[in-house]
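Participant: predicted model, plus sequence, below.
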Amino acid sequence: MQNEHIVKDGVFIPQTGIEYPEKPDQRMVPLKKVRDVKVDENYPYLMKSFTEKFYHFLVYLGIFVIVFPLQKIRYGLKIEGRKNITRNKKLLKNGAITVCNHVYRWDYLAVLQAARFRHMWFPTFADNMNGTDMRLIRSAGGIPIPESGFSAIKKFNESFDTLHARKKWIHIFPETCRWQWYQPIRPFKTGAFSMAYRYDLPVIPMVLKYRPVTGWRKLFKMDHPLVTICVGEPIVPNLENSRKAESARICKEAHEKMCEMAGIEQNGWDPILEEKPVSAEKGA
């Protein structure tokens, strides 16, 4: 934590009682390993079989038809700023990269709902392919990030090259891991923004903020806040700048916009997470 965290009057901060880690990219949710899948150059990063594609269809059908209404009932989801997508259709015709803070189990579904029911693909930790949610993560669009190996990283990058060629949307949580109901915006890794530069795609910043439980939900003594997702104006890469400089600029601008939409006047963390040099896309 670098700075005092200051929010505007009326901004709700959940009192979770959770002790958060000191490192902003340290995972809090332990993985229960149930299989041993090796994510290397031989891993099928994109779905190719009929069975996988059909399951992908069923998962998204369930998300659109069942989970979206449940999201509104359970979390009272509200969406602000969706006009920033609808009025920029021409800008977004070749796809986009969405970024959001990572704060509860259904947050990716909130992003899908805010993005007007689009299918998306997203990088995920390699070890998630060995956990109990492996099939759901993969069918929802998860593509595991190889932990090492030039050939494996090349195959990972090629999978997103293919998706970009198909004009698909990509989602990245630049905080990397989930901290349940956390209010400050943690530092971002720059991989998402390097990918935006590589593909010349606009970045759409989204932020999840909280509301206190009210009305009938109080009768059920819910132990979580209600949720609002805000959609910001797209940020367009300037390809005349260097990739490193432009990735840092977009990263800082997205972080600042998300803090502003969340009602944060002074965020507790710096915008960029200092990290060891790695492949630009691998840092996402």
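Facilitator: Yes, it's here. Numbers count the residues shown, from 1 in each chain.
Participant: do you know the pLDDT at residue 219?
Facilitator: Per-residue pLDDT puts residue 219 at 86.
Participant: does residue 136 count as helix, strand or coil?
Facilitator: Judged by DSSP: H, G, I helix; E, B strand; the rest coil, the three-state class of residue 136 is helix.
Participant: so what's it up against?
Facilitator: The contact partners of residue 136, taken as C-beta atoms under 8 Å, 6 or more residues apart in numbering, are residue 59. Using the backbone N, CA and C atoms, a C-beta is placed for each residue, glycine as well.
Participant: repeat for residue 163
Facilitator: 46, 121, 170.
Participant: switch to 6 Å and redo it
Facilitator: residue 121 (C-beta atoms under 6 Å, 6 or more residues apart in numbering).
Participant: tell me if it really is in a strand.
Facilitator: No: under three-state DSSP, residue 163 falls outside any strand and is assigned helix.
Participant: where's it relative to residue 94, distance?
Facilitator: Here residue 163 is placed at a distance of 12 Å from residue 94 (C-beta to C-beta, to the nearest Å).
Participant: do residue 200 as well
Facilitator: In terms of C-beta to C-beta, residue 200 sits 8 Å off from residue 94.
Participant: my guess is residue 7 contacts residue 267. True?
Facilitator: No: contact criterion C-beta atoms under 6 Å: residue 7 and residue 267 do not qualify, at 9.3 Å.
Participant: the two: who's more crowded?
Facilitator: A side-by-side neighbour count of residue 7 and residue 267, using other C-beta atoms under 10 Å, places residue 267 first with 25 against 18.
Participant: that one is in contact with residue 259, isn't it?
Facilitator: Yes: between residue 267 and residue 259 there is a contact at 4.8 Å, judged by C-beta under 6 Å.
Participant: find residues that contact each of those two.
Facilitator: With C-beta under 6 Å, 6+ apart, residue 267 and residue 259 have common neighbours residue 185.
Participant: now the end-to-end length of stretch 58-69.
Facilitator: End-to-end span of stretch 58-69 (C-alpha to C-alpha, to the nearest Å): 17 Å.
Participant: buried set for it?
Facilitator: Neighbour-count burial for stretch 58-69, counted by 16 or more other C-beta atoms under 10 Å, picks out 59-60, 63, 67-68.
Participant: how far off centre is it?
Facilitator: How far stretch 58-69 lies from its chain's middle: 19 Å, per C-alpha atoms, centre = their mean, to the nearest Å.
Participant: please apply the same query to stretch 265-278.
Facilitator: For stretch 265-278, the distance to the chain centre is 16 Å (C-alpha atoms, centre = their mean).
Participant: may I see the buried residues of that stretch?
Facilitator: 267-273.
Participant: tell me the contacts of residue 122?
Facilitator: 141-142, 171.
Participant: low-confidence ranges in the chain?
Facilitator: Under the criterion pLDDT under 70, the flagged ranges of the chain are 1-2, 275-284.
Participant: regarding it, what is its longest helix?
Facilitator: helix 243-261 (DSSP state H).
Participant: tell me which other helices or strands that one touches.
Facilitator: Applying 3 or more C-beta pairs under 6 Å, 6 or more residues apart in numbering; DSSP states H and E, one finds that helix 243-261 makes contact with helix 191-199, strand 203-211.
Participant: which residues are contacting the next helix or strand after the last one?
Facilitator: Scanning the chain past strand 203-211 towards its C-terminal end, the next helix or strand to appear is strand 226-231 (assignment: DSSP states H and E). Under the criterion C-beta under 6 Å, 6+ apart, residues 75-82, 84, 110, 114, 206-209, 211, 261 lie in contact with strand 226-231.
Participant: for residue 206, see how far away the most centrally placed residue in the chain is.
Facilitator: The centroid of the chain falls nearest to residue 173 when counting by C-alpha atoms, centre = their mean (2.9 Å). Here residue 173 is placed at a distance of 10 Å from residue 206 (C-beta to C-beta).
Participant: make a ChimeraX selection of whichever of the contacts of strand 226-231 turn out to be buried.
Facilitator: Buried residues within the contacts of strand 226-231, by 16+ other C-beta under 10 Å, are selected in ChimeraX with:
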select :75,76,77,79,80,81,84,110,114,206,207,208,209,261
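Participant: picking that back up, take the contacts of residue 122 and keep only those in strands.
Facilitator: Among those, the members found in strands (DSSP state E) are 142, 171.
Participant: tally of neighbours for residue 174?
Facilitator: So residue 174, with other C-beta under 10 Å, has 30 neighbours.
Participant: what's near enough to touch it?
Facilitator: Per C-beta under 6 Å, 6+ apart, neighbours of residue 174: 99, 188-189, 192.
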